[in-house]
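S.K.: generate coordinates for the sequence data below:
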Amino acid sequence: MDAEIIKECTLCPRACHVNRAEGMRGACGMDCKIYAARAALHMWEEPCISGEKGSGAVFFAGCGLRCIFCQNREIAIGKQGKEISVERLGEIFLELEEKGAANINLVTGAHYVPQIVEALELAKKQGMSLPVVYNSSGYENVETLKYLEGYVDVYLPDFKYMEPELAEQFSHAGDYPEKAKLAIQEMVRQTGECCFNQYGYITKGTIVRHLILPGHTVNSKKVLKYLYDRYGDSVFISIMNQYTPVYKQKEYKELNRKVTEREYQKVLNYALELGLQNGFWQTGDTAKESFIPEFDYEGI
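M.R.: So this is what the prediction gives:
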């Protein structure tokens with residue numbers, strides 16, 4: 001990948017055109033250096049990603065979307081994150097493999113794609129053979145995703161909104177539905193249908209996540225309908241009830257509570273009505289702060 005793109009950055013749909021190579025920071029809040037807050041075995045992804053081994057998750061600092069309800073806000077806005085080199089990132093991938101990770105899980109790395117590609121090349125030259133998971137907000141630039149073809153085996157995007165008004169209110173990105181549709185289309189083009197190994201771990205494919213927001217089950221139903229009408233069972237859909245009200249909202253007060261059991265069941269019932277078979281759902285009280293990782297620079 002041409003690293004020159006960082007000099008007039010258009011890696012994400014914000015297309016800031018800032019010169020990150022000269023230290024300028026765009027909507028993601030990051031310059032050209034890599035910042036990460038944690039690299040460890042992560043047990044809380046979907047069963048086919050974490051399983052019993054754990055997913056080798058690398059949590060990058062910065063984010064081009066910055067939802068107002070983000071539970072990882074401290075790293076999303078760049079308040080936490082340790083600077084590392086491309087060479088160190090490659091070493092981290094190898095270390096996670098040595099720890100027994102089922103895969104390498106790149107969490108919110110859109111603004112680091114040139115460096116990630118370089119680090120993956122270094123790690124693979126030294127024998128790293130794990131599947132690579134690209135864990136994304138869904139707000140992606142298709143041209144950036146094309147650079148990842150051949151490097152990423154599994155895409156794990158969110159599809160947060162089908163309603164542009166909600167996307168604008170909660171993420172200041174009214175174009176989110178349009179960008180997420182195009183991004184997921186590209187992801188599916190690259191990976192094809194989901195494949196799993198003999199132990200049940202996914203080795204190739206796309207799993208689309210949808211986080212239900214309190215008071216907005218209509219949006220959730222629209223997301224599920226679009227995904228199922230467009231992709232059927234060729235992708236897996238993960239329906240999540242783990243929304244956690246970490247930060248007090250003054251304007252959108254509905255976000256100050258968890259999703260109710262009734263709301264979640266309503267969305268699950270709709271998924272069944274659609275005929276969705278390839279999916280994941282959550283049980284129990286997943287909306288706990290204990291599910292938010294400690295960004296303590298472990299493994300960095």
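
S.K.: shaky segments in this protein?
M.R.: Low-confidence regions of the chain, defined by pLDDT under 70, span residues 1-3, 284-291.

S.K.: quick one, phi/psi of residue 240?
M.R.: Backbone geometry at residue 240, expressed as degrees, to the nearest 10, gives phi -110, psi 140.

S.K.: so what sits opposite it in the bridge?
M.R.: Legend: beta-bridge partners of residue 240 under DSSP bridges are residue 211.

S.K.: OK, contacts around it?
M.R.: The contact partners of residue 240, by CB atoms under 8 Å, 6 or more residues apart in numbering, come to 209-212, 282, 286. From N, CA and C alone the C-beta is placed, and that goes for glycine too.

S.K.: what do you get if the cut-off is 6 Å, keeping everything else the same?
M.R.: Listed by CB atoms under 6 Å, 6 or more residues apart in numbering, the contact partners of residue 240 are 209, 211, 282.

S.K.: likewise for residue 137?
M.R.: For residue 137, the contact set (CB under 6 Å, 6+ apart) comprises 65, 158.

S.K.: would you mind measuring from it to residue 60?
M.R.: Spatial separation of residue 137 from residue 60 under the definition CB to CB, to the nearest Å is 12 Å.

S.K.: residue 71 now?
M.R.: Between residue 71 and residue 60 the distance is 16 Å, computed by CB to CB.

S.K.: out of those two, name the residue with the larger neighbour count.
M.R.: Neighbours were tallied for residue 71 and for residue 60 using other CB atoms under 10 Å; the higher tally belongs to residue 60 (28 against 19).

S.K.: name the nearest residue to residue 219, sequence neighbours excluded.
M.R.: What sits nearest to residue 219 in space, not counting adjacent residues and going by CB to CB, 6 or more residues apart in numbering, is residue 163, at 4.9 Å.

S.K.: residue contacts, the most centrally placed residue in the chain?
M.R.: Nearest to the centroid of the C-alpha atoms of the chain, with distances taken as CA atoms, centre = their mean, sits residue 136, at 2.3 Å. Taking CB under 6 Å, 6+ apart as the criterion, residue 136 is in contact with residue 157.

S.K.: what's in contact with stretch 126-133?
M.R.: Looking at what lies outside stretch 126-133 - CB under 6 Å, 6+ apart - the contacts are 93-94, 97, 103-105, 152-154, 156, 203.

S.K.: so residue 193 sits right up against residue 236, yeah?
M.R.: No: here residue 193 does not reach residue 236: they are 9.8 Å apart, not a contact under CB atoms under 6 Å.
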